[in-house]
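**Q** Here's my sequence, what's the structure:
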Amino acid sequence: MMYFCKRLLPLLVLTVSIVVASAVIAEADEQPREYEIELLVFRNLVENDGGEVWPVDYSDWFEESADGEQADILTETTVTWLPKSQLRLSAQRNALARSAPYRPIAHLAWRQPLSGRHQAKPVELPTGKTRPDRAHVDGLVRVAVERYLHLDLDLRLHLADVSEQAASIEYGVPDIRLKEQRRMRSKELHYFDNPRFGVIALITPYEPIQVPEEPVEVPVETDLPTDAPAPAQP
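**A** Purely as a prediction, here's the structure:
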């Protein structure tokens, strides 16, 4: 019986170790992966819309709670805004800036962990309203990941032209809106358009930069150990 217990004990320890290791791996896998989302928003300067007409949908323009106040739409997702030096669509931005019919009006990127479509929270874009004589965009962006990436845009273009803006207000038309959902893969460029403005979107998995460890200097022994035998005398 004692011999059987001695053989069983290492097996039990090994089994417990495997279970604990599996739990740690499963917990690591459950951590949402971070992605970098980059949007390049540009305006179409061509006044002729080619006869295209887009209807105005008021149904969910304002989301109101039970007490009549505007619903809280601010994100709870941790977002890290990326500096200009980390933008990947700089070449596309420069090409749009040189073109006659288009003009970049916003270029921004951020990093965030992604969850499933039912858990994903929207990110509210900064307004970008720095000068009253320039058009700007604001709105919400929701990104989720399941089998594919899912990008939901709900952006509004605010015109800088006083006459255009006044006409919109007179006829009760809200700011020009781009609302679209897209299933996409990472590292693919996707184009969203509206007769007045468009968006180029790129989603990239975040790969942390591995900082190499500094080499450890091993001291070179130049003296004999104290317990070494003394050299023979000639």
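**Q** low-confidence ranges in the protein?
**A** Low-confidence regions of the chain, defined here as pLDDT under 70, cover residues 1-30, 47-77, 161-175, 211-213, 215-234.
**Q** quick one, helices of it?
**A** All helices of the chain, identified by DSSP state H, fall at 2-30, 90-98, 162-170.
**Q** Could you list every helix and strand in contact with the second one?
**A** What that stands for is helix 90-98. When contacts are defined as 3 or more Cβ pairs under 8 Å, 6 or more residues apart in numbering; DSSP states H and E, helix 90-98 sits against strand 34-44, strand 102-113. All C-beta spots, glycine's among them, are computed from the backbone N, C-alpha and C.
**Q** Quick one: closest of these to K84.
**A** strand 102-113 (8.1 Å; Cβ to Cβ).
**Q** Now the closest one: buried residues?
**A** Going by neighbour count (16 or more other Cβ atoms under 10 Å), the buried part of strand 102-113 is 102, 104-112.
**Q** Could you count how many residues lie near the nearest residue to L157 once chain neighbours are set aside?
**A** In space, L157 comes closest to I176 once its chain neighbours are excluded; the distance is 4.3 Å by Cβ to Cβ, 6 or more residues apart in numbering. A total of 21 residues lie near I176 under the criterion other Cβ atoms under 10 Å.
**Q** Numbering from 7 from now on, please.
**A** With the count now opening at 7, the last piece we talked about shows up as I182.
**Q** How much space separates I182 from G122?
**A** Using Cβ to Cβ, to the nearest Å, one obtains 31 Å as the distance from I182 to G122.
**Q** ok so, going back, so, if you compare the buried residues of strand 108-119, which one comes nearest to Q92?
**A** Among these, A115 lies closest to Q92 (Cβ to Cβ), at 6.7 Å.
**Q** need the contact list for the closest one.
**A** The neighbourhood of A115, defined by Cβ atoms under 8 Å, 6 or more residues apart in numbering, consists of 42-45, 87-88, 92-94.
**Q** Let me see the residues that make contact with stretch 148-159.
**A** Residues beyond stretch 148-159 that count as contacts (Cβ under 8 Å, 6+ apart) turn out to be 39, 41, 43, 118, 120-123, 125-129, 145-147, 184-192, 196, 198, 205, 207, 209.
**Q** Dump the helices and strands packed on helix 96-104 to TSV, plus distance to I215.
**A** Putting the helices and strands packed on helix 96-104 into TSV (distance: least, Cβ to Cβ, whole Å) gives the following:
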stretch	distance to I215
strand 40-50	13
strand 108-119	13
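**Q** hang on, the residue nearest to L163 packs against L161?
**A** No. Taking Cβ atoms under 8 Å as the definition, I182 is not a contact partner of L161, at 9.2 Å.
**Q** where do the contact lists of those two overlap?
**A** Overlap between the neighbourhoods of I182 and L161 consists of F203, taking contacts as Cβ under 8 Å, 6+ apart.
**Q** still on that earlier bit, and G134, which of the helices and strands packed on helix 96-104 is closest to it?
**A** With distances scored as Cβ to Cβ, the stretch of these nearest to G134 is strand 108-119 (5.2 Å).
**Q** Direction included, what does that closest one pair against?
**A** Strand 108-119 pairs in its sheet with strand 40-50 (antiparallel), strand 86-87 (antiparallel), by DSSP bridges.
**Q** Can you convert the ones you listed into CSV and add a column each for mean neighbour count?
**A** Formatted as CSV, these follow (neighbours: other Cβ atoms under 10 Å):
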stretch, mean neighbour count
strand 40-50, 21
strand 86-87, 11
